[in-house]
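Enquirer: 3D model of this:
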Amino acid sequence: MNSKMVVKNKMPQLIILPHEELCPEGVVLEVKKGISICNAMLVNNIEIEHACEMSNACATCHVYVREGFDSIKESDEIEDDLLDKAWGLDLDSRLSCQAIINETDLVIEIPKYTINQVSENN
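Expert: Below is the predicted model:
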């Protein structure tokens, strides 16, 4: 008997580490590939700031990609310039509106502050 094994396409996981305000317990989301990290969080009620409405014109949706960073398409010059203005810039920083999810699971940390929050508190 010749049986074929059917393998379902596994959806990638977006693992959000705990953030005091936006996601206190952390969460694991199954998401569609081809959407941005920002969109994936927003459709799952994680209200990450995105002041420019995801048009690659600010740095308020800045995140750290703690695992899976190399699986995301490289940032362009515009994103790099904006990231230079982000609070707490790190080697694994990305704008979540520009980082597109593919088949690789990602571990994301949301920074404690954004530019808007820092300026509002000063």
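Enquirer: is it true that Glu109 touches His62?
Expert: No: the pair Glu109 / His62 is not scored as a contact, 10.4 Å apart, by Cβ atoms under 8 Å. Bear in mind the C-beta positions are built from the backbone N, C-alpha and C, glycine included.
Enquirer: in stretch 81-99, what counts as buried?
Expert: Across stretch 81-99, burial judged by 16 or more other Cβ atoms under 10 Å covers Leu82, Leu83, Ala86, Trp87, Asp92, Ser93, Arg94, Leu95, Ser96, Cys97, Gln98, Ala99.
Enquirer: again, but for stretch 31-40
Expert: Neighbour-count burial for stretch 31-40 [16+ other Cβ under 10 Å]: Val31, Ser36, Ile37, Cys38, Asn39, Ala40.
Enquirer: rewinding a little: let me have the buried residues of stretch 81-99 in CSV, adding secondary structure and distance to Pro12 as columns.
Expert: Output for the buried residues of stretch 81-99, formatted as CSV (DSSP: H, G, I helix; E, B strand; the rest coil; distance: Cβ to Cβ, whole Å):
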residue, secondary structure, distance to Pro12
Leu82, helix, 25
Leu83, helix, 23
Ala86, coil, 24
Trp87, coil, 27
Asp92, coil, 17
Ser93, strand, 20
Arg94, strand, 16
Leu95, strand, 19
Ser96, coil, 15
Cys97, coil, 18
Gln98, coil, 17
Ala99, coil, 12
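Enquirer: Between those residues, which sits nearest Ile46?
Expert: Checking those against Ile46 with Cβ to Cβ, the nearest one is Ser96 at 10.1 Å.
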